[in-house]
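Visitor: Sequence first, predicted model second:
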Amino acid sequence: MRQVGRALPHPRASRPLPGRFLRDSRDTAPPGSQPHLGLPSQPGPRRPPIPEAVGVSSPPATMFVLVEMTDTVRIPPWQFERKLNESIAEELNKKLANKVVYNVGLCICLYDITKLEDSYIFPGDGASHTKVHFRYVVFHPFLDEILIGQIKSCSQDGVHVSLGFFDDIVIPPESLQQPAKFDEAEQVWVWEYETEEGAHDLYMDIGEEIRFRVVDETFVDTSPTGPSSAEASTSNAAEEVQKKEAPYTLVGSISEPGLGLLSWWTNS
């Protein structure tokens, strides 16, 4: 398949989203209304975690793009009774949906088929082979895009955020609202918000909705490689179990007014 990279399995990707959430190249503003740029509301009792999933119910997103691809699709003989387009669409989704394509993004679902070339049956193989030109919906937010997610967990490495269908988002400590500290007892990050009356602790509880800016992305080629020796294979296998890197990671930031927990900000 002619594309930017190989399709790599994404361990935490879930069900595909509809193809209607597509990026408009002219749209550079955050989805929906602009973030409220007021001051944080007066701290009250800590709210319980928000149970609703985010991402699906949020305003129409611009974090999805259409990527043109080509691939040769094999259709087995027992599917010849079906329409060719239906069989090809099913095979493409089996191959690409919920996979990360290196330097492209997380594949969501097939958008459309733009061209079908002639099909061939090769000697010794009763299946048909068709070169297909198609467009695929891919999750790949641009840098500086503002997204709304949900806090999944907190650690010394920062705040880990989920969009519901994509979990590999981290906001490092230096990108939090400052000054910030990590509460070891409750395992959450706290913004020590300064006021005239003194500092107020604003907790980043698990389950809270959070608005953040995408500042960086990392692609890792996680495809298997052949070991150089038998000994290296044994040691590397143990290391790989401990160091299971995500093929696609986003780095976020909330170190500016209007970003952070939605409960912090009010209409100005």
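Guide: Received it, and whenever you're ready, just let me know what you need.
Visitor: Going by C-alpha atoms from here, please, whenever you check contacts or count neighbours.
Guide: Will do.
Visitor: any idea where the helices of the stretch 1-150 of the chain begin and end?
Guide: 84-96 (DSSP state H, counting those that start in this stretch).
Visitor: low-confidence ranges in it?
Guide: 1-61 (pLDDT under 70).
Visitor: quick one: the strands in it?
Guide: 7-9, 64-75, 99-101, 105-121, 128-139, 146-155 (DSSP state E, counting those that start in this stretch).
Visitor: Using a markdown table, lay out those together with mean neighbour count and distance to Gln187.
Guide: Formatted as a markdown table, the strands of the stretch 1-150 of the chain follow (neighbours: other Cα atoms under 10 Å; distance: least, Cα to Cα, whole Å):
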| stretch | mean neighbour count | distance to Gln187 |
| --- | --- | --- |
| strand 7-9 | 22 | 30 |
| strand 64-75 | 18 | 33 |
| strand 99-101 | 25 | 31 |
| strand 105-121 | 18 | 30 |
| strand 128-139 | 21 | 30 |
| strand 146-155 | 22 | 6 |
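Visitor: Looking at those strands, which is nearest to Val190?
Guide: Nearest to Val190 among those is strand 146-155; the distance by Cα to Cα comes to 10.4 Å.
Visitor: Could you export the strands of the stretch 1-150 of the chain as CSV, including distance to Gln177?
Guide: CSV is the format used below for these (distance: least, Cα to Cα, whole Å):
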stretch, distance to Gln177
strand 7-9, 34
strand 64-75, 28
strand 99-101, 31
strand 105-121, 28
strand 128-139, 27
strand 146-155, 15
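Visitor: Glu184: which of those strands is closest?
Guide: Comparison of the strands of the stretch 1-150 of the chain against Glu184 by Cα to Cα identifies strand 146-155 as nearest, at 8.9 Å.
Visitor: counting contacts, what elements does that closest one pack onto?
Guide: strand 158-162, strand 188-195, strand 209-219 (3 or more Cα pairs under 8 Å, 6 or more residues apart in numbering; DSSP states H and E).
Visitor: Tell me which of these is the most buried.
Guide: strand 158-162 (a mean of 23; mean count of other Cα atoms under 10 Å).
Visitor: pLDDT averaged over it - what is it?
Guide: Averaged across strand 158-162, pLDDT comes to 94.
Visitor: Now the element after that strand, going C-ward?
Guide: Downstream of strand 158-162, the next assigned helix or strand under DSSP states H and E is strand 169-171.
Visitor: In that next one, which of the residues would be classed as buried?
Guide: Of the residues in strand 169-171, 169-171 count as buried by neighbour count, 16 or more other Cα atoms under 10 Å.
Visitor: All set now, cheers.
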